[in-house]
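S.K.: have a look at this fold, sequence not included:
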């Protein structure tokens with residue numbers, strides 16, 4: 001096995017436990033030990049940095065990189081932009097139409113702001129379960145739109161799909177999905193970050209629990225699914241560790257001799 005130089009981690013239910021409302025003690029220990037060993041700690045999440053500032057515990061630790069908004073925005077350890085991939089052309093028009101119709105709650109994510117078209121009961125239910133602070137109501141004014149989050153179940157997604165032919169749909173919850181450009185994804189932001197940092201796939205171990213993590217797990221030299229991951233994620237991984245609340249991240253790092 002090649003020497004591991006970087007650990008890529010999803011946040012929700014991989015690093016951050018929403019039952020404990022904190023990073024488990026074993027994962028905090030792992031972050032500290034990785035730093036001492038000079039191994040890069042990189043967050044890879046669908047969240048915006050603005051949202052991370054309201055999460056318990058997460059930004060109390062140092063990281064060497066941030067892959068945000070399903071790979072649409074990547075930052076280095078100083079939070080300087082490594083790469084950015086805004087929606088353009090027909091993909092942009094499709095999400096704008098959905099946003100402006102106000103039939104479904106949609107959040108828009110730009111480099112420096114998050115805003116919604118309106119709220120419904122689905123948003124409130126998900127907010128209670130995922131440590132959210134809901135953004136204000138806003139309108140699109142021509143800025144760089146990096147991602148849209150749509151609060152819709154699988155049945156509604158199927159109805160929307162014909163109207164979103166130029167968008168990629170990344171589902172992160174039974175009631176929520178992200179829309180990005182068709183050829184985009186978390187893996188694209190990761191690869192561009194890796195190029196900037198001189199990292200090879202075999203030098204990476206990646207952790208995730210959601211279907212939007214599958215490409216990342218398959219790309220990494222070692223892809224680890226959390227015990228609380230979906231079955232699809234577990235099938236895509238090289239290794240399945242314990243649940244987040246059973247010290248899964250720390251145990252996998254020990255299992256592979258990284259800690």
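M.R.: Sure thing, it's come through. Note that the structure is predicted; figures quoted are calculated from it, not measured. Numbering: from 1, shown residues only.
S.K.: tell me which stretches of this protein form helices.
M.R.: Along the chain, counting by DSSP state H, helices occupy 25-36, 49-52, 89-101, 121-129, 154-160, 186-197, 214-219, 231-236, 248-255.
S.K.: what does the second one contact?
M.R.: So the one you mean is helix 49-52. 11, 43, 45, 58-59, 66, 68, 75, 79, 112-114, 132-133 (C-beta atoms under 8 Å, 6 or more residues apart in numbering). (C-beta placed from N, C-alpha, C; glycine too.)
S.K.: low pLDDT regions in the stretch 1-150 of the chain?
M.R.: Applying pLDDT under 70 to the stretch 1-150 of the chain flags the ranges 1, 124-133.
S.K.: the strands in it, which residues?
M.R.: 6-9, 40-44, 65-68, 73-76, 81-84, 106-110, 113-116, 136-137, 147-150 (DSSP state E, counting those that start in this stretch).
S.K.: neighbours of residue 136, how many?
M.R.: Per other C-beta atoms under 10 Å, the neighbour tally for residue 136 reads 8.
S.K.: so what's the residue nearest to the spatial centre of the chain up against?
M.R.: Centroid-nearest residue in the chain, with C-alpha atoms, centre = their mean: residue 45, separated by 1.8 Å. Residue 45 is in contact with 10-12, 52, 66-68, counting by C-beta under 8 Å, 6+ apart.
S.K.: of all the strands of the stretch 1-150 of the chain, which one is nearest residue 203?
M.R.: In terms of C-beta to C-beta, the element of the strands of the stretch 1-150 of the chain nearest to residue 203 is strand 6-9, at 6.4 Å.
S.K.: for the closest one, packing partners?
M.R.: Counting contacts by 3 or more C-beta pairs under 8 Å, 6 or more residues apart in numbering; DSSP states H and E, strand 6-9 packs against strand 40-44, strand 204-208.
S.K.: what's the angle between the first one and strand 204-208?
M.R.: Yep, that's strand 40-44 we're talking about. Counting by axes from the mean of the first three to the mean of the last three C-alpha atoms, to 10 degrees, strand 40-44 lies at 40 degrees to strand 204-208.
S.K.: direction included, what does strand 40-44 pair up with?
M.R.: Strand 40-44 pairs in its sheet with strand 6-9 (parallel), strand 65-68 (parallel), by DSSP bridges.
S.K.: columns mean neighbour count and distance to residue 210 on top of the ones you listed, output as a markdown table?
M.R.: Output for the strands paired with strand 40-44, formatted as a markdown table (neighbours: other C-beta atoms under 10 Å; distance: least, C-beta to C-beta, whole Å):
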| stretch | mean neighbour count | distance to residue 210 |
| --- | --- | --- |
| strand 6-9 | 26 | 12 |
| strand 65-68 | 26 | 14 |
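S.K.: give me the contact list for stretch 59-70.
M.R.: 6, 8, 23, 28, 31-32, 35, 40-49, 52-53, 74-77, 79, 82, 109, 146-147, 170, 178, 180, 184-186, 189-190, 193, 197, 212.
S.K.: equivalent analysis for stretch 155-164, please.
M.R.: Taking C-beta under 8 Å, 6+ apart as the rule, stretch 155-164 contacts 94-95, 97-98, 104, 150, 152, 169, 171, 177, 179.
S.K.: and those as a markdown table, adding distance to residue 158 and neighbour count?
M.R.: Output for the contacts of stretch 155-164, formatted as a markdown table (distance: C-beta to C-beta, whole Å; neighbours: other C-beta atoms under 10 Å):
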| residue | distance to residue 158 | neighbour count |
| --- | --- | --- |
| 94 | 16 | 19 |
| 95 | 17 | 23 |
| 97 | 18 | 11 |
| 98 | 15 | 21 |
| 104 | 13 | 16 |
| 150 | 13 | 23 |
| 152 | 10 | 22 |
| 169 | 10 | 16 |
| 171 | 12 | 17 |
| 177 | 11 | 25 |
| 179 | 15 | 26 |
